[in-house]
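In: all I have is the shape, not the residue letters:
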């Protein structure tokens, strides 16, 4: 069948950006294949209400396995339920967000179905009627093209790459039974207090490196983030996280978080390959560094060579002025 199934991740009673992105991509793939986009969600009480709005992104059917005791997460029940639905539905493709939860769930489903799994896809196309996807490899140095010879094609979708579009029509919410009993139960999720978006969710990221010289200078980046607005957040290189200047949750790179924002500022970051692996798929990269030979300039769309302690405050003020004139 040419239908495409997307797994909608629900957190804190909300189907967030990750759920919207995979739903939108499922709709685009289904349009090309001549089928429908379906969404599946597994969780505790309130899951159906959380995902109902995904019909506005093109989901023709929204399948909800909801039961008390499945919150905040039950990976074994979710894997069994999704695998059973894929087997029964005969889908051409199954999409998962490349979030922490999606990366845990997708291989469980793939193992149950005895299928391969393409991870962190950043592009797709139809090749002689078959799905082909692209994903970064070797720390982002190469892009591999993978072609699925038969269905279902299982894949995780890198965040902030595919933008969902609003669609007409109202998809129907259908209740399905969860499969199996929880063997693993998540009793609590602890999150550090933060007043900004996580780097994996933000469309604008301002990251700092050792060129900031001291954690006391981070107020310059905070001021730039404030000037850029609510869609911006702070990031950091591994060096400053290891030094204890910034929390690990802000780390961007191979051993931190992989991000694909619309706009990425690399301030005082030399551009070690481990950092480039986590951000080089950003749509626009702006590098600010006093070293004109810094590797970060090899991937930057815009490069500013100079003293960041002079440049960043001027940039923040210029952005504020431009926004006041809008």
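Out: It's in. The structure displayed is predicted, hence computed values, not measured ones.
In: contact partners for the most centrally placed residue in the chain?
Out: In the chain, the C-alpha nearest the mean C-alpha coordinate belongs to residue 159, at 2.0 Å (Cα atoms, centre = their mean). Each residue near residue 159 by Cβ atoms under 8 Å, 6 or more residues apart in numbering is listed here: 17-18, 21, 97-99, 200-201, 259-260. Yep, even glycine has a C-beta here, placed from its N, CA and C like the rest.
In: out of those residues, which is most surrounded?
Out: Within these, most neighbours by other Cβ atoms under 10 Å means residue 97, with 27 neighbours.
In: quick check: it touching residue 156?
Out: Yes - Residue 97 is within contact range of residue 156, at 6.8 Å (criterion: Cβ atoms under 8 Å).
In: quick one on the thing from earlier: is the residue nearest to the centre of the chain in a helix, a strand, or coil?
Out: Under DSSP: H, G, I helix; E, B strand; the rest coil, the three-state class of residue 159 is coil.
In: how far away is it from residue 172?
Out: 28 Å (Cβ to Cβ, to the nearest Å).
In: which stretches in the stretch 201-326 of the chain count as strands?
Out: Counting by DSSP state E, counting those that start in this stretch, the stretch 201-326 of the chain has strands at residues 204-208, 232-236, 263-267, 284-289, 302-305.
In: mean neighbour count, mean pLDDT and distance to residue 60 for those - can I get that in TSV?
Out: Converted to TSV, the strands of the stretch 201-326 of the chain look like this (neighbours: other Cβ atoms under 10 Å; pLDDT from 0 to 100; distance: least, Cβ to Cβ, whole Å):
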stretch	mean neighbour count	mean pLDDT	distance to residue 60
strand 204-208	28	97	33
strand 232-236	26	96	34
strand 263-267	26	97	34
strand 284-289	21	97	34
strand 302-305	15	97	42
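In: for those, give me CSV that also has distance to residue 277.
Out: Output for these, formatted as CSV (distance: least, Cβ to Cβ, whole Å):
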stretch, distance to residue 277
strand 204-208, 14
strand 232-236, 14
strand 263-267, 13
strand 284-289, 13
strand 302-305, 19
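In: for residue 324, find the nearest of those.
Out: When those are compared by Cβ to Cβ, strand 232-236 sits nearest residue 324, at 16.8 Å.
In: how far off centre is that closest one?
Out: 15 Å (Cα atoms, centre = their mean, to the nearest Å).
In: hmm, who's touching it?
Out: Here strand 232-236 has contacts from 196-199, 201-209, 218, 221-222, 224-225, 245-246, 250-252, 259, 264, 279, using Cβ under 8 Å, 6+ apart.
In: got the angle between it and strand 263-267?
Out: Per axes from the mean of the first three to the mean of the last three Cα atoms, to 10 degrees, the angle that strand 232-236 makes with strand 263-267 is 40 degrees.
In: and residue 257, how far is that from residue 166?
Out: From residue 257 over to residue 166 the distance is 28 Å, taken as Cβ to Cβ.
In: my error: substitute residue 60 in the last question.
Out: Distance from residue 60 to residue 166, by Cβ to Cβ: 15 Å.
In: which of those two has more residues huddled nearby?
Out: residue 60 (19 against 8).
In: that older thread, among the strands of the stretch 201-326 of the chain, which comes closest to residue 67?
Out: Ranking those by proximity to residue 67 (Cβ to Cβ) places strand 232-236 first, at 34.6 Å.
In: bridge partners for the closest residue to residue 85 other than its chain neighbours, pull those for me.
Out: Of all residues not flanking residue 85 in the chain, residue 40 sits nearest, at 5.7 Å (Cβ to Cβ, 6 or more residues apart in numbering). Judged by DSSP bridges, the bridge partners of residue 40 are residue 7, residue 63.
In: so residue 40 touches residue 4, yeah?
Out: No - using Cβ under 8 Å as the test, residue 40 is too far from residue 4 to be in contact (11.3 Å).
In: the more surrounded of these two?
Out: Taking other Cβ under 10 Å, residue 40 and residue 4 do not tie; residue 4 has more neighbours (29 against 24).
In: gap between residue 256 and residue 103?
Out: Distance of residue 256 to residue 103, computed by Cβ to Cβ: 14 Å.
In: sorry, slip of the keys, the one I care about is residue 63.
Out: Distance from residue 63 to residue 103, by Cβ to Cβ: 22 Å.
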